[in-house]
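Asks: I would like the atomic coordinates for the input below:
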Amino acid sequence: MKTKYTIFLTFFILAISYALWLRRSTEPMPNIGMCENITSGRLKAVCYAMFFKNYTYCKLAADFTPYCYDNVFSLLDVDERTCNNLEDTSAKLSCYTNLAINQKNASVCEFLQDTSLINICYGRLSDHLDVFDDINLCKKIHHESTKFTCMAMVSKNINFCFNITQEVFERGFCVAMFTRNVSDCFMPTNGGALARITFSSCIRQVAISTRNVSMCEMIGRAEDRWRCKMSMINDIHVCDEIDDPWKDICKLEYIKNNI
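Replies: Numbers count the residues shown, from 1 in each chain. Next up is the predicted model:
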C-alpha cells in the first residue's frame, strides 16, 4: 500500500512540475514587437526606451517620463559620470538611485547635492535595504520619516518608527515593514498625494513580503499596482485577461522583469 502511495505521489509531483514548466515555456520572450501592442503613445515611448536602453525616448512619455527614467536606468550599468552629466532632474535622480543600488552603497545619493533630492533618493532605496550598512548614514537624512524608517530597518528595531511624529501615514509604512500587516499602512492621515504614494508603496511591500498578490488590488497607482502584481505573477497573459485601462503598464512591467 505504501509503495502504491509513493508511486502515486511521485507521478502527481511530476505532473504538477510539467504543468508549471509548460506554462513557463509558453511565456513569450520580450521582443520589440511588443511595443506595437501598447496602445498608449506615452507608454509606447517607455517601451522603446527600455528595449533600446536609451533614456532619450523618455522625453516622449509626457507625464510618464519619471516612470520611464526609473525603468530604463534600472536596466543600465550606470556610473557617476553618466549621472552627473544628466540635465533633467528626474533622470539624474533615477540614475543616482540605481547607481546606489548597483554599488550597494546608499551614500551615492549624496552626489545629488540637493537636500530634497537626496531624501527622495534615500526613500526610494527602502526597497533595497541591503544598500544601507551603517545607521549613521540614516542619521544624515533630513526628512524625519525617511530617517527614522531607515534607522528602524537597518537596526531591525521597530521602536524607531514611533519617533515619526510629523507624518503619521509614513509611520504606518515603517511599522508595516515589521508587522507585515497591511492594516498598519492606513494609520490616520490628512490625505494628500504624498499620503497616497506612501500607501501604495506600503501595500506593495507588504503584499510582496507575504506573497499575497490579492493585496495589490488595493493599490491605486497603476505603476505600483502592476509592479506589485508582476513581481509575483510574471505572466504577460494576465494583462489581457482583465479589464484594466492601465494594462499597458502591466505589459511594461513584464517586459522590464524579463528583458
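Asks: Ramachandran angles for the closest residue to residue 162 other than its chain neighbours?
Replies: Using Cβ to Cβ, 6 or more residues apart in numbering and skipping the chain neighbours, the partner closest in space to residue 162 is residue 171 (7.0 Å). For every residue, glycine as well, the C-beta is placed using N, CA and C. The phi and psi values for residue 171, taken as degrees, to the nearest 10, are phi -60, psi -40.
Asks: Check residue 30 too.
Replies: Per degrees, to the nearest 10, the backbone of residue 30 is at phi -60, psi 130.
Asks: The residue nearest to residue 162 is in contact with residue 164, isn't it?
Replies: Yes - counting by Cβ atoms under 8 Å, residue 171 touches residue 164, with 4.0 Å between them.
Asks: Mind listing the shared neighbours of those two?
Replies: Listed as contacting both residue 171 and residue 164 by Cβ atoms under 8 Å, 6 or more residues apart in numbering are residue 145.
Asks: For the residue nearest to the spatial centre of the chain, list the residues it contacts.
Replies: The centroid of the chain falls nearest to residue 227 when counting by Cα atoms, centre = their mean (5.9 Å). Counting by Cβ under 8 Å, 6+ apart, residue 227 touches 204, 253.
Asks: I'd like to know how far it sits from residue 142.
Replies: With distances taken as Cβ to Cβ, to the nearest Å, residue 227 is found 27 Å from residue 142.
Asks: now the helices for the stretch 51-200 of the chain?
Replies: 65-73, 80-84, 89-103, 115-124, 135-139, 144-155, 168-179, 193-210 (DSSP state H, counting those that start in this stretch).
Asks: any chance of those helices in JSON lines, with mean neighbour count and mean pLDDT too?
Replies: As requested, the helices of the stretch 51-200 of the chain are arranged in JSON lines below (neighbours: other Cβ atoms under 10 Å; pLDDT from 0 to 100):
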{"stretch": "helix 65-73", "mean neighbour count": "24", "mean pLDDT": "94"}
{"stretch": "helix 80-84", "mean neighbour count": "14", "mean pLDDT": "94"}
{"stretch": "helix 89-103", "mean neighbour count": "22", "mean pLDDT": "94"}
{"stretch": "helix 115-124", "mean neighbour count": "19", "mean pLDDT": "84"}
{"stretch": "helix 135-139", "mean neighbour count": "15", "mean pLDDT": "82"}
{"stretch": "helix 144-155", "mean neighbour count": "21", "mean pLDDT": "87"}
{"stretch": "helix 168-179", "mean neighbour count": "22", "mean pLDDT": "85"}
{"stretch": "helix 193-210", "mean neighbour count": "19", "mean pLDDT": "75"}
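Asks: now those in TSV, with distance to residue 242?
Replies: Shown next, in TSV, are the helices of the stretch 51-200 of the chain (distance: least, Cβ to Cβ, whole Å):
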stretch	distance to residue 242
helix 65-73	21
helix 80-84	38
helix 89-103	29
helix 115-124	29
helix 135-139	40
helix 144-155	33
helix 168-179	26
helix 193-210	17
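Asks: tell me the contacts of the closest residue to residue 155 other than its chain neighbours?
Replies: Nearest non-adjacent residue to residue 155, counting by Cβ to Cβ, 6+ apart: residue 135, 5.6 Å away. For residue 135, the contacting residues are 150, 151, 154, 155, by Cβ under 8 Å, 6+ apart.
Asks: re the thing from before, by how many degrees do the helix or strand hosting the residue nearest to the centre of the chain and helix 65-73 diverge?
Replies: If you go by DSSP states H and E, residue 227 is part of helix 222-230. Compare the direction of helix 222-230 with that of helix 65-73 by axes from the mean of the first three to the mean of the last three Cα atoms, to 10 degrees and you get 40 degrees.
Asks: Check the gap between the closest residue in space to residue 224 that isn't next to it in sequence and residue 179 for me.
Replies: In this structure, residue 224 finds its nearest non-sequential neighbour in residue 200, 4.0 Å apart by Cβ to Cβ, 6+ apart. Separation of residue 200 from residue 179 (Cβ to Cβ): 18 Å.
Asks: pretty sure residue 167 is in contact with residue 145, am I right?
Replies: Yes - taking Cβ under 8 Å as the definition, residue 167 is a contact partner of residue 145 at 4.7 Å.
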